[in-house]
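Novice: compute the structure for the input listed below.
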Amino acid sequence: MTALRSRLALALALCMAAMPAHAEDEGVPYWASIDADVANMRVGPGDSYRISWVYRRPHLPVKVLRREGAWRLIEDPAGDKGWMRDLLLSRQRAAIVVGKGAAEMRAEPKSGSHLQWRVEPGVVGLLGECEAGWCQFDADGHKAFAPAERLWGTGEP
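Specialist: Next up is the predicted model:
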């Protein structure tokens with residue numbers, strides 16, 4: 001009877017040990033944005049790991065690829081990957097202008113709409129709804145519509 005209890009306890013412990021890894025990665029990947037003035041990306045999921053990047057771009061969009069406790073494996077717009085504390089991230093959607101030349105920001109979500117202004121690649125802003133290839137984009141309070149292909153942080157992560 002003791003051997004049976006030991007086997008059952010071992011089987012239960014193994015099942016429980018396997019569950020958090022699966023549960024941790026539920027809901028990933030997803031979009032997030034940096035929610036701090038200064039955020040460190042590390043080479044591993046812990047404060048003892050070396051810092052690989054220091055971000056000073058609030059609202060910079062990132063893709064969360066994996067979770068491990070309070071740490072998130074992220075990918076930035078340049079494709080660099082590393083670990084960041086969950087407290088430095090927000091689920092608020094953001095985007096960064098990409099591509100060559102200035103992106104045209106329109107009053108309505110269509111190419112023939114009134115041109116509001118042009119935005120250079122690298123500008124970060126908050127992302128609103130996206131539909132039919134256009135996204136609402138708020139760059140420091142200046143709101144308009146941008147072509148989705150000119151923004152990194154749109155679509156499925």
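Novice: quick check: domain ranges of this protein?
Specialist: 22-92, 95-152 (automatic domain parsing).
Novice: with mean pLDDT and mean neighbour count added, can I get the ones you listed in a markdown table?
Specialist: Using the backbone N, CA and C atoms, a C-beta is placed for each residue, glycine as well. As requested, the domains of the chain are exported to a markdown table (pLDDT from 0 to 100; neighbours: other C-beta atoms under 10 Å):
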| stretch | mean pLDDT | mean neighbour count |
| --- | --- | --- |
| domain 22-92 | 95 | 16 |
| domain 95-152 | 97 | 17 |
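Novice: show me where this protein has its helices.
Specialist: Secondary structure of the chain (DSSP state H): helices located at 2-24.
Novice: strands along that one, start to end?
Specialist: Under the criterion DSSP state E, the chain carries strands at the ranges 30-34, 39-42, 51-55, 61-68, 71-75, 81-85, 89-90, 94-97, 103-106, 115-119, 124-131, 134-139, 142-147, 151-152.
Novice: need the contact partners of the last one.
Specialist: Taking C-beta atoms under 8 Å, 6 or more residues apart in numbering as the criterion, the residues outside strand 151-152 that touch it are 61, 77, 95-98, 103, 127, 135, 137.
Novice: mind listing what it pairs with, with the direction of each?
Specialist: If you go by DSSP bridges, strand 151-152 pairs up with strand 94-97 (antiparallel).
Novice: how about the strand it pairs with as PDB, C-alpha atoms only?
Specialist: The C-alpha coordinates for strand 94-97 follow below in PDB (Å, rounded to 0.1, in the frame of the first residue of the first chain):
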ATOM      1  CA  ALA A  94       1.000  50.700 -29.600                       C
ATOM      2  CA  ALA A  95       2.800  50.800 -33.000                       C
ATOM      3  CA  ILE A  96       5.900  52.200 -34.500                       C
ATOM      4  CA  VAL A  97       6.100  53.600 -38.000                       C
END
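Novice: I appreciate the help and will end here.
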